[in-house]
Each structure stands twice: as structure tokens, then as C-alpha cells.
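Colleague: predicted model follows, preceded by the sequence.
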There are 2 protein chains.
Amino acid sequence: MLTTGDIGRIIRFHRKKAGLTQLQLARLSGVGKTVVFDIEKGKETVRLDTLMKVLAALNIRIELNSPLMAAFREKDHEKS
Amino acid sequence: MLTTGDIGRIIRFHRKKAGLTQLQLARLSGVGKTVVFDIEKGKETVRLDTLMKVLAALNIRIELNSPLMAAFREKDHEKS
DNA sequence: TTGTGATTACTGCTAAGGCGGTAATATCAT
DNA sequence: ATGATATTACCGCCTTAGCAGTAATCACAA
């Protein structure tokens, strides 16, 4: 199961690969520098929108999965 | 790309399939009833830990993906 | 070592998330 | 239609996330 610690490590890894400092990533994401640090540290109480901004800046996609997701996608398909 | 609206619809779908009311899901997840409603409505500013509690209660897994994730998993592997 | 930049830590402030309670509205049986 | 249940909406209260600024610590190169 994915923990906030995992999320932090994933983001840090991507940031380093992109050659960005925490401050640069913060500016790029449109969030405060404190939050980037907190997220990389594994903070659990970050807001979803804040996290998503950072993920988007690093081209990381969020996905949800479960045994029911196939059924959901079918149902969602009917809706066009 | 996954939006908070998508997340809300996915959660609602899973909750219905599980035969739970919003209140029951809230109690089961250990969060307030208001939040379950907000999340299903697509609220962007929920806290990550709150969302994760609800997802866990419904057996929905979060995954992060990017072209760099394979490299990350390798690097992470060295760490045992 | 010494310096330069990055990271970590702390502070005060403001905005707002989470909460239960309650009420109004919607949904769906019978 | 009527009733029972679920959903949506609103209310204050309390807590705290996010923010910039600053300072201290760390890491690595010259």
C-alpha cells in the first residue's frame, strides 16, 4: 500500500532527476516552499490540490485501482 | 488526467457497490460525514490523509505513475 | 578548510478544512 | 401519495494547512 512516505520519496526522486531544488519546484508548482519540504518528508495532512500541483509539475499521474475499477469504467462509458 | 471529480465518482461508485450510505462510510473510514459528501462532490481541498482513509475503507489503492517510476523502483530496491 | 547553495527548522499570521448538529431537499419503496 | 431513508446544505467551533521570512544546519565542491 502506498504511504505518504512513499509519495515523498517518489517526488524527491523525480525532482532530483529534473534537476530542481525544492524552491524551484515550489515556484514551478505554484505552492509554498514549506509544503514541498513537508510533502517530501511524508506529511500526511497536506491538501490534495497542493499535492496534485506538485505531481503535475513533475508529470506524475495519480491512478486509483481496485477490483471494481473495470466495472466503473464501463458504467462511465455509457455517459457520452 | 485524474480530477477530483473523477475521484468523487469513483468513490461513490464503490460505496454504492458496497451497499453503504455516506454516513456508514464515514464511520467506517473514521472521518466526518461532511467530508464524504464533499469528496464525492469533487472537493479539491480535502486533506490527503482524510481521502486515504476513505479509499482504504473501500479497498481502493492509490498509484503514482510516470516514465521515471521504473527507475525509482530499482533505486528503491537497493535499500534492504 | 572554507564557501556556496540546498535543506531543515521555527515563527506568526491568515484562511479554511474537518467536525457534529440540524434542517431542508431528494430518492425510492410500498 | 406517504413514509422512511439518504443526500445535500448550512451553521458555528476548533484546529491547522499554507505561506513568507528568517535562521540554522547540512552537503558538497573548490
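Modeller: Here it is on my side, so go on.
Colleague: helix or strand for residue A:55, which one?
Modeller: helix A:48-57 (DSSP states H and E).
Colleague: contacting residues around that helix?
Modeller: With Cβ atoms under 8 Å, 6 or more residues apart in numbering or on different chains as the test, helix A:48-57 has contacts from A:7, A:11, A:25, A:28-31, A:35-36, A:39, A:61-62, B:1, B:4, B:44-48, B:51, B:64. All C-beta atoms are positioned from the backbone trio N, CA, C, and that covers glycine.
Colleague: repeat that for 6 Å
Modeller: The contact list for helix A:48-57, computed with Cβ atoms under 6 Å, 6 or more residues apart in numbering or on different chains, reads A:28, A:29, A:30, A:31, A:35, B:44, B:45, B:46, B:48, B:51.
Colleague: can you pull the buried residues of it?
Modeller: Buried residues in helix A:48-57, counting neighbours by 16 or more other Cβ atoms under 10 Å in any protein chain shown, are found at A:48, A:50, A:51, A:52, A:53, A:54, A:55, A:57.
Colleague: spell out which parts of chain A neighbour chain B.
Modeller: When proximity is defined by Cβ under 6 Å from any Cβ of the partner chain, chain A lies next to chain B at A:2, A:10, A:13-14, A:17, A:44-49, A:51, A:59-66, A:68, A:72.
Colleague: residue of chain A with the smallest distance to DNA strand D?
Modeller: With Cβ to the nearest atom of the strand, the shortest gap between chain A and DNA strand D falls at residue A:32, namely 2.7 Å.
Colleague: please report phi then psi for the residue nearest to that residue when sequence neighbours are not counted.
Modeller: Distances taken as Cβ to Cβ, 6 or more residues apart in numbering or on different chains place residue A:26 nearest to residue A:32, at 6.1 Å, with adjacent residues excluded. Dihedral pair for residue A:26: phi -60, psi -50, per degrees, to the nearest 10.
Colleague: residue A:62 too?
Modeller: Per-residue torsions, residue A:62: phi -90, psi 140 (degrees, to the nearest 10).
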